[in-house]
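Asker: Make a model of this:
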Amino acid sequence: MYQFFVEPHQININDKCVIIVGGDVNHIKNVLRMKPGEELSVSNGQDGKEYRCAITGFTQDTVECELRFIKEDGVELPSKIYLFQGLPKADKMELIIQKAVELGVYQVVPVATKRCVVKLDDKKSKSKVQRWQGIAEAAAKQSKRAIIPQVTEPVIFGEALKRTADMDVKLIPYELAEDMTKTRSIMENIKPGQSIAVFIGPEGGFEEAEIAKALEMGVEPITLGKRILRTETAGFTVLSWMMYQLEGLS
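Answerer: This next block holds a predicted model:
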C-alpha cells in the first residue's frame, strides 16, 4: 500500500475526509495512475498514527479521500535515536540518511569535525540540507514511517555535544575502544522511552581531543569489533543493533 505525508489540517476525522495536495497529486494521478476506490495510507508526520483511506475523487490540485480507519500501533521505535554524523566525502551523506531513516532514526545532525574533508558555507549548507531532507522524506515514505525524520543544519562538534546534555544514552564508536562485552551490555540495557545520541566520525575518524571532550560530556566510547568500519558502515551497524534491541522491547 502506498503511503503519503500530509499536514495535520488535511485530515478531518469528524468528516472522515483526507485531502492530499502538492507534488503527491501528480504522482498519484499520473505516475501511479490510481483510481477512485483504491486504498492508500497517509501520516501527518507528528502523531505516529497511520490513516487508511480510499480515494473518492480528484480535482486539478487535490486527491480527495475517505478516511476508513486509524491504525495507532505505529511502526516507530519506542526510543528517539539522534544520529550525529561527521560530514563524509562525496554523496555518502545521502546514503547514510536514506538508510538511517529506514532503520528508525529520529533525527540526523550533520557534524563538522576536525578531520572532515567537506567544508560547507552557508549557501551550500542550506542547499544540501534541503536535498537531504527530501531524501529523508522519500525514505520515510518507502519504509512506511509515521514521521519524517528531520535533517538539521550542520553544526560543529562542540555544539553537537551540547545538544546531548539531557539525553539518556550517548555513544561514540571509536577504533581505540575495546571490550565488546561492554558494548553488548550498553546495548542490552537501553530502555524504551530513552533518548539516544550516536556519534559517528568522518572518514578520518575523531581526533583524540574530540574523544576527550566527548568523555567530559558523558559520552561512552564503544567498540564495534576488531575491524575498522567505514563511516557509513559504522552508523548502520549501531542503528541496526539498536533497532533489534528496541523492537524486542516495544
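
Asker: rest of the way, CA atoms for contacts and neighbours
Answerer: Will do.

Asker: Can you tell me the SS state at residue 111?
Answerer: strand (DSSP: H, G, I helix; E, B strand; the rest coil).

Asker: For residue 193, see how far away it is.
Answerer: Look at residue 111 and residue 193: by CA to CA, to the nearest Å, they are 25 Å apart.

Asker: cool, and residue 243?
Answerer: Taking CA to CA, one finds residue 243 at 13 Å from residue 193.

Asker: So residue 111 and residue 193 - more neighbours on which side?
Answerer: Counted by other CA atoms under 10 Å, residue 111 and residue 193 do not tie: residue 111 has more neighbours, with 26 against 13.

Asker: So residue 139 sits against residue 98, correct?
Answerer: Yes - under the criterion of CA atoms under 8 Å, residue 139 makes contact with residue 98 at 5.5 Å.

Asker: ok, residues contacting the helix of greatest length in the chain?
Answerer: Longest helix of the chain, by residue count under DSSP state H: helix 122-142. With CA atoms under 8 Å, 6 or more residues apart in numbering as the test, helix 122-142 has contacts from 3-5, 93-94, 97-99, 101-102, 146-154.

Asker: Tell me the gap between that helix and the middle of its chain.
Answerer: Here helix 122-142 is found 11 Å from its chain centre; the criterion is CA atoms, centre = their mean, to the nearest Å.

Asker: Extract the CA atoms of it and return them as PDB.
Answerer: The C-alpha coordinates for helix 122-142 follow below in PDB (Å, rounded to 0.1, in the frame of the first residue of the first chain):
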ATOM      1  CA  ASP A 122      26.100  28.900   4.500                       C
ATOM      2  CA  LYS A 123      24.800  28.800   0.900                       C
ATOM      3  CA  LYS A 124      25.900  25.300   0.200                       C
ATOM      4  CA  SER A 125      24.700  24.200   3.600                       C
ATOM      5  CA  LYS A 126      21.100  25.300   3.000                       C
ATOM      6  CA  SER A 127      21.000  23.700  -0.400                       C
ATOM      7  CA  LYS A 128      22.500  20.400   0.900                       C
ATOM      8  CA  VAL A 129      20.100  20.300   3.900                       C
ATOM      9  CA  GLN A 130      17.100  20.800   1.600                       C
ATOM     10  CA  ARG A 131      18.200  17.900  -0.600                       C
ATOM     11  CA  TRP A 132      19.000  15.700   2.400                       C
ATOM     12  CA  GLN A 133      15.500  16.500   3.900                       C
ATOM     13  CA  GLY A 134      14.000  15.400   0.600                       C
ATOM     14  CA  ILE A 135      15.900  12.100   0.800                       C
ATOM     15  CA  ALA A 136      14.700  11.600   4.400                       C
ATOM     16  CA  GLU A 137      11.100  12.100   3.300                       C
ATOM     17  CA  ALA A 138      11.400   9.700   0.400                       C
ATOM     18  CA  ALA A 139      12.900   7.100   2.700                       C
ATOM     19  CA  ALA A 140      10.200   7.600   5.200                       C
ATOM     20  CA  LYS A 141       7.600   7.000   2.600                       C
ATOM     21  CA  GLN A 142       9.300   3.900   1.300                       C
END
